[in-house]
Structures are given as C-alpha cells and as structure tokens.
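predicted coordinates and the sequence they were generated for:
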Amino acid sequence: MSRVKDASNSIKVGMVSLGCAKNLVDSEVMLGILKDRGFEIVPDEAGADVIIVNTCGFILPAKQESINEVLRLARLKQGGRLKALIMTGCLPQRYGEELAKELPEVDAFVGPGEITAIARVIRDVLQIYRTGQPGRPAGRRPVLISEPRFIYSHETPRIISTPPYTAYVKIAEGCDNRCSYCVIPSIRGRFRSRPIESIVSECMRLAGNGARELILVAQDTTRYGEDLYGTFKLASLLREISRIEGVVWVRFLYTYPTHITDELIEVVACEPKICKYFDIPLQHADDRVLRMMGRRNSREDALALINRIRTRIPDVTLRSTFIVGFPGETEDAFDSLLDFLEETKLDRVGVFAYSEEEGTPAEALPDKVPEDVKEERFRRAMELQRRISREKLEARVGSEEMVLVEGLSEESDLVVVARSQREAPGIDGLIYIGDATLKAGTFHQARITGASDHDLAAEIISPA
C-alpha cells in the first residue's frame, strides 16, 4: 500500500488492544495503515484526538472488559482533547447495531473485515465533529460490519507494538472447526491461509528490523495451508522461517490436536530454532463432553498424541486449556478431567469456567451446570495444576537454559525478567534474574536456581 498524504498529519491516534495476540496483529495493522495515511500515532491516551479500542468478544469476561474500557476512555471526552472514540474488532462484529444504540459514547463501530477502512472512518467522524454535529442520532454513526474476508499480507503497513525483539505473525484467519461453544467462525469467517511466500517475506523484514523471536498465530495454526495447497503446510512453513538469518526462536501457538502430524513433530524435534513447545487446547478429557463440545478427538487420542510428542521430543513443554462446567458435565466427567491432568502432568494449563455464548449450538444444550459448581470445579482443577506446575518447575532447578531477557521486573529495579523456550510471552511464567545490568532483547545461558508455583529464579552463566 503506497503512502497517501492528506490532512490527517495533525491528528493524533491512540490504540488500546484487548484480547489475544491475533487481535494484537489486527491492531498493529490498523496503526500501520493510519501512519501510512499521515496520522500521528501516540502512546499516551491523554494526548490523543482519537482512540481506537480493538475489542475481544469471545466470552463474557472479555466482552465485559471491552465495554468497561470503552466507558473509562469515554470520560476523556469530557473537557479533554479526545474528540472521537472508535470500537473495532470482535465485539462490534457480533453486536454492531445493538452497540450503536446502547453506547452513544462511541463514534463508530468497525468489524475485523473492515479494518482497512479505519482512516476513512476517522476522517468521517472528525468531519462531523468539526461541523458541529457531534450529537447526531446514534443510528447514523458509522457501523462497518461485513462478511470477514480480509487477511493482511507482507505488503500491508504494520506497526509492531511488542518489544522489538519479539513479533507475532498471523499466518491464517478464521476457523472451520466449529466447536459447539465457540463463536469464532461467525466472527472471523471461514479458515483462510496466507501464502507461504507472503509470510516468509514478512518474517524476513521483521528479522531485519531486529526481531529475534517470531511467534506464528492463527485460530488453528496446524490447519495452515490446507485451503491453499490441499494439505497441512505448517511444517514446511516452519522450515522456511528457520532459515532466516537473525531469527533465534520460532514459536507457534493454538494447535488443534487432530491436525498435529508426525511431520510437524519431526520438524520441531530437528530444527534447533523452533521452540520445543506445543500449545494444544484439548478442552476436556471426558469423551461424552468432548462429543457435546463438537471436538473431533477422544481422551485416548489425546493421551496417544502426548505420548507421541514426548517420545520424539523428551524435553518438550506442553501447554493446554480446559473448560469446566460445560452443559452435561457430571461429577464423574469432571473427575475424569482431574485424572487426566494427574496422569499427563502437562507443564502449563489454563482452566476456564464455561461461558454460554448466544448463537452457539451449546446454548441449546440441556443439563446446565450451576455457577457455584462451575466455580468450585474451576478452583479444584487449578489447585491440582498448581501442584503439578510446581513439581515440573522444581525439576528444572539446576538445569542450564538459554534465556531471552525482557527487562526490569515490575517488582524491583534490581531484578530482570526473562523467558526460555519453555515460556511463551504473556501466558506463561517468568524467570527472575538478579542482575539489573542485563539488557532487554539479549540472550544468555542461565542456570535455574529456584522455583515457585509458576515462576523460576536463575543466574547468568554466560552470554548465549
């Protein structure tokens, strides 16, 4: 996209990005488009003429967080310089017209399929402000919702908002798995991959700009390429990216268990740059619950997959997520999940209490689990995993690992935080090192010296 200069170069735009890393990439694309069109991007919301809130609409807590953030920022309109507040992302895609009626504080609503129009939307909204019509009827405010088809390319402008040494790369958009509890297919559309050449070109540019850790994301990374090439191509893509000069770590997240091939496991085992880390949202371990969830794997399938991965990659880190309190989950089914956690001893586990989402097949299922039972099961599962996590981390004490320094700890300016291949940013624990002279973005060999429930302590041996 060529740079188009207009009268926007005096307009300051701020961004608040909520939700997952995939949403963050969308935020970075919007910022890139705005900068390309002459807008000034500012980090301080108090100095912005326009603020974009890129929302998550996946489950109820995420929706509530998005609404609360919008209402908080709306107060900046009262006596401040803020002229326009724009809501983008999953929430307006699901509820655009309804939100336009209920949130007069918001000046425009833009779904994921229309983010390339963000510059035009801002100009239109500010034109109304300048002409003295900020109080026009809510129904006339821009609501841009369309069938999600857009996916960015290596030529799309983008401003990386993560630390310069780490960058996310979205390799596909949408989802065709259609789990019964999930609204993602209706929000993000059908699964569609980017061409390998486009992804590799973007990764080369990111590496040239200083990115040392590249993290591939999609709703289902393991399905990558099936729509374009007729077969899963994540393994081939990982090989290509691993050849890029300057890249130290390549990581991929959000894998569907039935799409993990022997070829993919082999690539992770053999390529030194690829993190020995699998993020596999299994969601449950009771076969009846899995069927009601619309999942295509069984408990035995999951056990066999974990065994395959651990046999080929003995030092692998396995992360998963599970839902408790799904309709029809009996006490026996929940106990089956606890037994599974005890048997597999996964390194990292996230547990979520089921959130009923309107418009999903699960909404119509009988035998709803009471909220207090959901919360009690959530606590029991998390307590079990807390113990397992501490056991796994204590087993790493004395080991030597390469770590990436991320900067000073929030708790003390005498301590830095770091991660190894075993810790994905934002979702896993940290490694604390008592040497404030270490620079963010540098790699070092470290010896693990201590462990807690979720984090580690280490000392530096030498630069990596």
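Good, I have the coordinates. Residues are numbered from 1 along each chain as shown.

could I get stretch 307-315 in CSV with only the CA atoms?
Only the C-alpha atoms of stretch 307-315 are listed here, as CSV (Å, rounded to 0.1, in the frame of the first residue of the first chain):
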residue,chain,number,x,y,z
ASN,A,307,3.0,-39.8,24.2
ARG,A,308,4.0,-39.3,20.5
ILE,A,309,5.3,-35.9,21.2
ARG,A,310,7.1,-36.7,24.4
THR,A,311,8.7,-39.8,22.9
ARG,A,312,10.2,-37.9,20.0
ILE,A,313,10.9,-34.7,22.0
PRO,A,314,11.7,-35.7,25.6
ASP,A,315,12.4,-32.1,26.7
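
surely A362 is in a strand?
No: using DSSP: H, G, I helix; E, B strand; the rest coil, the secondary structure at A362 is helix, not a strand.

contacts only, for W249.
Neighbouring residues of W249 by CB atoms under 8 Å, 6 or more residues apart in numbering: R212, E213, L214, K273, I274, C275, L404, Q421. In this view, the C-beta of every residue, glycine as well, is placed from N, C-alpha and C.

bridging residues for it?
On the basis of DSSP bridges, W249 is bridged to E213.

from R422, how far off is it?
Counting by CB to CB, to the nearest Å, the gap from W249 to R422 is 11 Å.

give the residues shared as contacts by these two.
With contacts defined as CB under 8 Å, 6+ apart, the residues shared by W249 and R422 are C275.

output the below-cut-off pLDDT ranges for the stretch 101-250 of the chain.
For the stretch 101-250 of the chain, applying pLDDT under 70 flags the ranges 128-140.

which two of the contacts of W249 have the greatest separation?
I274 and L404 (14.9 Å; CB to CB).

so for those two, which residue has more residues nearby?
Between I274 and L404, counting by other CB atoms under 10 Å, L404 is the more crowded of the two (24 against 21).

you'd agree the more buried one is up against Y165?
Yes: counting by CB atoms under 8 Å, L404 sits close enough to Y165 to count as a contact (7.0 Å).

now do the shared contacts for the two.
R212, E213, G441.

distance of the closest residue to the last one other than its chain neighbours relative to R308?
Sequence neighbours aside, Y165 is the residue nearest to G441 in space, at 3.7 Å (criterion: CB to CB, 6 or more residues apart in numbering). Taking CB to CB as the measure, Y165 falls 32 Å from R308.

of these two, give the one with the bigger neighbour count.
Y165 (18 against 13).

so what's the more buried one up against?
Counting by CB under 8 Å, 6+ apart, Y165 has contacts G210, A211, R212, E213, L404, A440, G441.

now do P327
Counting by CB under 8 Å, 6+ apart, P327 touches M292, Y354, A362, L365, P366, D367, K368, V369.

which ones are touching the closest residue in space to V415 that isn't next to it in sequence?
Using CB to CB, 6+ apart and skipping the chain neighbours, the partner closest in space to V415 is S409 (4.3 Å). When contacts are counted by CB under 8 Å, 6+ apart, S409 is found next to V415, V416, V417, Y432.

tell me if I am right that the last one is in a strand.
Yes: the assignment for Y432, made by three-state DSSP, places it in a strand.

okay, and the beta partners of it?
Y432 forms beta bridges with V417, A457, as assigned by DSSP bridges.
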